[in-house]
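Peer 1: When you get a sec, could you give me coordinates for this:
(one chain, ligands or ions: 1)
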Amino acid sequence: MKVKLEKTITDRTVDPDILSYTVGDDPVLDLALVKWDCMGTAAHVTMLSEMKWLKRPVVTKTEAAKVRKALAAVVKLAEEGKFAILVEDQDVHMAVERLLTAKLGDLGKKIHTGRSRNDQVAVDVRLHMKDEILAAESEVCELARALVAFGAKAGAVPLVGRTHLQPAMPSTVEMWATGHAEMIIDQLENMEAAYRLADLNPLGSAAGYGVPLPLDRARTTRLLGFSRTIHNCFGASMARGECEAALLSALAQLMAVLSRFAEDLILFSMPEFAYFRLPREYCTGSSIMPQKFNPDVLELVRSKAAQTLGLQTAAISLLHAMPGGYNRDLQDCKWLYMKGLSIARTTLRILEKVVKGVAVDASACRRAFSPGVFATDVALRKVADGTPWRDAYHDVRDQFAALYDGKSAEVADLDPDRQVALKTHEGTCLGIDRQLYLRRISEALASALSRRKALDKCCKALLK
Ligand code: ARG
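Peer 2: Numbering: from 1, shown residues only. Have a look, this model is predicted:
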């Protein structure tokens with residue numbers, strides 16, 4: 001039987017099964033890249049129109065302006081959901097060229113001069129990533145802010161501090177909440193490292209080896225708002241995948257932090273602990289057990305943390321044995337990082353909502369203090385009376401039962417609130433500096449916002 005071959009935009013005829021396998025999910029995934037692809041093309045065409053080469057430029061300044069206008073129309077079309085990428089296009093790059101050629105004729109056929117889809121996709125992914133990282137960073141800040149507010153509201157409500165899950169020492173709900181908040185805020189460091197890698201311009205590397213045209217790569221770097229150009233063209237093509245992997249590693253770590261937090265919430269809202277209560281409407285029921293209010297939402301945070309780690313592993317595995325230069329394997333990096341971003345961003349938003357709904361049962365928190373939680377405090381009291389620490393430790397250990405039979409005057413005044421109030425040094429129960437967190441959060445938010453504005457400004461200047 002004769003197979004009908006599909007004609008692609010490059011006029012190549014390809015077996016439809018092979019075409020569909022190689023194109024994969026690009027016609028859908030690339031819809032997220034339309035704006036960034038158009039921005040990259042606008043910068044490239046602008047640079048071509050300024051290029052000093054032969055007598056006549058590849059495209060004139062007027063023509064470049066026409067292309068930019070047509071590109072802006074493509075972005076609008078995409079925003080209205082009216083832009084389609086066909087399997088025969090293969091990806092967003094060819095789809096945009098097809099549309100521009102239909103609209104502008106020969107001028108549309110010129111936009112790919114001195115450029116390859118390899119550097120196009122590398123630019124698109126980096127711009128998309130920068131935008132998404134900044135949005136995710138703001139979501140990290142909002143979740144941390146909700147946790148700080150939750151802690152401030154609970155104030156010095158005592159909470160049993162645990163090690164090995166066993167009761168350990170007096171703590172507070174605020175120390176627990178802001179401890180998690182600080183871990184979450186610290187994740188911004190990894191995300192910033194991924195951002196810095198994404199903020200480099202690969203454009204002008206063409207297929208990875210440059211072209212015999214005097215491209216002004218620094219010009220497109222400025223136009224697109226990148227911090228600098230990736231100097232080596234071959235290196236620029238090799239860097240595809242690297243920033244995806246770096247971002248996924250930051251996201252996997254962030255998700256692990258969120259998963260630990262979710263696990264604490266699950267434990268402490270169990271009826272056996274009952275320190276916290278999740279709003280009923282945030283819990284799901286059982287089809288057979290009428291009494292159930294399950295924290296599925298938090299269990300899924302754990303599962304999604306595992307998946308994100310899988311995505312990171314997939315990205316690095318995909319890269320590690322690939323030869324230098326472009327290989328189609330790289331296309332599969334795209335859905336990995338997009339999936340990772342979507343998982344992390346929804347999780348951040350859902351956890352912010354959960355945190356805002358959690359109620360604290362202060363009496364359950366106080367009731368949970370068993371005498372052992374005060375053991376270290378009692379030993380330290382002996383140190384204050386002049387006993388060397390190790391002797392005080394043994395005294396308490398040896399006399400534990402006697403001390404806590406309820407009759408000993410030595411421990412009669414022990415009470416969670418009083419013991420918590422004695423812990424005042426930096427970072428302990430009453431030594432939590434809320435302002436420190438709020439400052440870090442607003443600085444990070446302001447920095448993300450100003451960079452988003454700068455990116456927006458580049459986009460507006462190129463697409464008008
Ligand atoms: N969709 C492709 C990708 O994501 C675009 C680059 C295609 N380049 C090529 N040489 N086949 O990798």
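Peer 1: which residues sit in contact with the residue of the stretch 301-450 of the chain found nearest the ligand?
Peer 2: The nearest approach of the stretch 301-450 of the chain to the ligand comes at Q331, 3.6 Å away (C-beta to the nearest ligand atom). C-betas here are computed from N, CA, C, even on glycine. Taking C-beta atoms under 8 Å, 6 or more residues apart in numbering, we find Q331 in contact with 24, 26, 121.
Peer 1: How far off centre is the host helix or strand of it?
Peer 2: Here Q331, judged by DSSP states H and E, is contained in helix 331-357. Counting by C-alpha atoms, centre = their mean, to the nearest Å, helix 331-357 is centred 7 Å from the centre of its parent chain.
Peer 1: picking up where we left off before, switch the contacts of Q331 over to TSV; also include pLDDT.
Peer 2: Putting the contacts of Q331 into TSV (pLDDT from 0 to 100) gives the following:
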residue	pLDDT
G24	96
D26	96
V121	97
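Peer 1: between those residues, which is closest to G241?
Peer 2: Distance to G241, by C-beta to C-beta, is smallest for V121 among those, at 10.8 Å.
Peer 1: give me the element the closest one is part of.
Peer 2: Going by DSSP H and E, V121 is in helix 117-154.
Peer 1: buried residues in that helix?
Peer 2: By neighbour count with 16 or more other C-beta atoms under 10 Å, helix 117-154 contains the buried residues 117-134, 136-151, 154.
Peer 1: Likewise for stretch 337-353?
Peer 2: Applying 16+ other C-beta under 10 Å to stretch 337-353 flags 337-341, 343-345, 347-348, 350-352 as buried.
Peer 1: any low-confidence regions in the stretch 351-464 of the chain?
Peer 2: 406-407 (pLDDT under 70).
Peer 1: Can you show me the helices along it?
Peer 2: Assigned by DSSP state H, counting those that start in this stretch, the stretch 351-464 of the chain shows helices spanning 362-367, 375-384, 389-398, 400-403, 416-421, 434-462.
Peer 1: Highest mean neighbour count out of those?
Peer 2: Stretch with highest mean neighbour count among these: helix 416-421 (a mean of 18; mean count of other C-beta atoms under 10 Å).
Peer 1: how about the CA coordinates for it, as PDB?
Peer 2: What follows is helix 416-421 as a C-alpha-only set of coordinates in PDB (Å, rounded to 0.1, in the frame of the first residue of the first chain):
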ATOM      1  CA  PRO A 416       4.500  25.500  78.200                       C
ATOM      2  CA  ASP A 417       3.800  29.300  78.000                       C
ATOM      3  CA  ARG A 418       6.200  30.200  80.700                       C
ATOM      4  CA  GLN A 419       9.000  28.000  79.200                       C
ATOM      5  CA  VAL A 420       8.400  29.400  75.700                       C
ATOM      6  CA  ALA A 421       8.600  32.900  77.100                       C
END
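Peer 1: just the residues of the protein that are near the ligand, which are they?
Peer 2: 26, 91, 117-118, 121, 326, 328, 330-331, 334 (C-beta under 6 Å from any ligand atom).
Peer 1: Show me what the helix holding V121 is packed against.
Peer 2: helix 34-50, helix 92-104, helix 173-198, strand 200-201, helix 233-238, helix 242-268, helix 331-357, helix 434-462 (3 or more C-beta pairs under 8 Å, 6 or more residues apart in numbering; DSSP states H and E).
Peer 1: at 7 Å instead, please
Peer 2: On a contact count with 3 or more C-beta pairs under 7 Å, 6 or more residues apart in numbering; DSSP states H and E, helix 117-154 meets helix 34-50, helix 92-104, helix 173-198, helix 233-238, helix 242-268, helix 331-357, helix 434-462.
Peer 1: closest one to V59 among the ones you listed?
Peer 2: helix 34-50 (5.0 Å).
Peer 1: which residues are in contact with the closest one?
Peer 2: Identification of contacts with helix 34-50 by C-beta atoms under 7 Å, 6 or more residues apart in numbering yields 57-61, 63-64, 67-68, 71, 74-75, 78, 83, 92-93, 96, 111, 113, 115, 120, 123-124, 127-128, 203, 215-216, 219-220, 223-224, 459, 462-463.
Peer 1: next helix or strand past that helix?
Peer 2: With DSSP H and E, the next secondary element past helix 34-50 is helix 61-79.
Peer 1: Which positions in that next one come out as buried?
Peer 2: Under 16+ other C-beta under 10 Å, the buried positions of helix 61-79 are 63-68, 70-72, 74-75, 78.
Peer 1: do the same with stretch 164-172
Peer 2: 167, 169-172.
Peer 1: From the residues you listed, which land in strands?
Peer 2: 167, 169-172 (DSSP state E).
Peer 1: so can I have TSV of those showing pLDDT and distance to L311?
Peer 2: As requested, these are arranged in TSV below (pLDDT from 0 to 100; distance: C-beta to C-beta, whole Å):
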residue	pLDDT	distance to L311
P167	95	38
M169	97	38
P170	97	40
S171	98	35
T172	98	36
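Peer 1: Excluding chain neighbours, what is closest to L104?
Peer 2: Closest residue to L104 apart from its sequence neighbours, by C-beta to C-beta, 6 or more residues apart in numbering: A70 at 5.9 Å.
Peer 1: need the contact list for that neighbour.
Peer 2: Residues near A70 by C-beta under 7 Å, 6+ apart: 100, 103-104.
Peer 1: try 10 Å
Peer 2: 38, 41-42, 96, 99-100, 102-104, 107-108, 111, 463 (C-beta atoms under 10 Å, 6 or more residues apart in numbering).
Peer 1: now swap in R219 and tell me
Peer 2: By C-beta under 10 Å, 6+ apart, R219 lies in contact with 43-44, 46-48, 50-51, 203-204, 229.
Peer 1: Swap in 8 Å and give it another go.
Peer 2: R219 touches 43, 46-47, 50, counting by C-beta under 8 Å, 6+ apart.
Peer 1: Find out how far the helix or strand it falls within is from the centre of the chain, if you would.
Peer 2: Per DSSP H and E: R219 is located in helix 217-224. Offset of helix 217-224 from its chain centre (C-alpha atoms, centre = their mean): 26 Å.
Peer 1: again with stretch 154-168
Peer 2: Relative to the centre of its chain, stretch 154-168 is centred 30 Å away, using C-alpha atoms, centre = their mean.
Peer 1: Now do the end-to-end distance for that stretch.
Peer 2: End-to-end distance for stretch 154-168: 20 Å, by C-alpha to C-alpha, to the nearest Å.
Peer 1: which one is A246 nearest to, not counting chain neighbours?
Peer 2: A194 (4.6 Å).
Peer 1: got a pLDDT number for that neighbour?
Peer 2: What the model reports as pLDDT for A194 is 98.
Peer 1: Next, count neighbours for it.
Peer 2: 23 (other C-beta atoms under 10 Å).
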